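Enquirer: When you get a sec, could you give me coordinates for this:
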Amino acid sequence: MMLALKTILAGLDKVPTLIFDEVDAGIGGAVGLMVADAMRRVGARHQVFAITHLAQIASRAEHHLVVHKAAKGGITSADIDVVIGEERITELARMLGGDAESEASRAHARELLAGAGTAGLEMVRSAGARRKKSAG
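Expert: Numbering: from 1, shown residues only. I've put the predicted structure just below:
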């Protein structure tokens with residue numbers, strides 16, 4: 001509902017940036033992919049930030065950031081990592097709820113990225129190519 005409302009208002013108000021905080025609450029699977037694709041269409045005209053725990057939505061992102069929150073001695077801190085290439089596959093596999101290192105989870109993560117089209121897969125491929133060049 002909020003996605004639909006923000007999408008309509010963004011077109012009318014010329015809002016440059018939209019933030020979706022856990023728009024995936026209560027959904028999953030195929031519906032999650034539909035929401036992700038709708039957000040991607042909005043992202044063609046606006047900058048979109050999405051906070052999500054759903055791999056289907058994260059797989060459609062142009063950039064994937066992971067926030068790690070920790071509390072120590074009464075102080076809460078957060079670290080943010082950009083994940084690309086194999087790190088992104090590992091993170092998507094983790095988000096899917098399986099063993100992030102299992103081939104089944106990783107294959108599902110790759111399948112989600114493949115469904116995202118060239119943007120998702122090209123980022124994975126180019127990261128792999130950069131790693132091979134730096135290793136060789």
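Enquirer: The helix or strand containing residue 78 pairs with which strands, parallel or anti?
Expert: Using DSSP states H and E, residue 78 maps to strand 75-82. Sheet pairing of strand 75-82 (DSSP bridges) gives strand 65-72 (antiparallel).
Enquirer: And the contacts of the strand it pairs with?
Expert: When contacts are defined by Cβ atoms under 8 Å, 6 or more residues apart in numbering, strand 65-72 is touched by residues 76-83, 91. From N, CA and C alone the C-beta is placed, and that goes for glycine too.
Enquirer: Just the pLDDT at residue 129, thanks.
Expert: Per-residue pLDDT puts residue 129 at 52.
Enquirer: meant to ask about residue 133, not that
Expert: Reported pLDDT for residue 133: 53.
Enquirer: Could you do residue 83 as well?
Expert: In this model, residue 83 carries a pLDDT of 96.
Enquirer: residue ranges with poor pLDDT in this protein?
Expert: For the chain, the stretches with pLDDT under 70 are 1-13, 118-136.
Enquirer: Can you list the neighbours in contact with the strand holding residue 78?
Expert: Around strand 75-82, the neighbours that count as contacts under Cβ under 8 Å, 6+ apart are 63-71, 87.
Enquirer: make it 7 Å
Expert: Contacts of strand 75-82 with the rest of the structure, by Cβ atoms under 7 Å, 6 or more residues apart in numbering, involve 63, 65-70.
Enquirer: same check, this time on stretch 47-60
Expert: Residues contacting stretch 47-60 (Cβ under 7 Å, 6+ apart): 16-24, 28, 32-33, 35-37, 39-40, 42, 61, 64, 92, 95-96, 109, 112-113, 116, 120.
Enquirer: Now, those residues that are in helices?
Expert: Per DSSP state H, helices hold the following members of the contacts of stretch 47-60: 32-33, 35-37, 39-40, 42, 92, 95, 109, 112-113, 120.
Enquirer: Buried among the contacts of stretch 47-60? Make that a PyMOL selection.
Expert: The buried subset of those, as determined by 16 or more other Cβ atoms under 10 Å, is captured in PyMOL by this line:
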select buried, resi 18+20+23+24+32+33+35+36+37+39+40+42+61+64+92+95+96+109+112+113+116+120
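Enquirer: Send me the strand holding residue 78 as CSV with only the CA atoms.
Expert: Extracted in CSV, the C-alpha atoms of strand 75-82 (Å, rounded to 0.1, in the frame of the first residue of the first chain):
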residue,chain,number,x,y,z
ILE,A,75,26.8,2.3,23.2
THR,A,76,25.1,1.3,20.0
SER,A,77,27.1,1.5,16.8
ALA,A,78,26.5,0.6,13.2
ASP,A,79,28.8,-0.4,10.4
ILE,A,80,27.8,-0.3,6.7
ASP,A,81,29.4,-2.6,4.1
VAL,A,82,28.8,-2.5,0.3
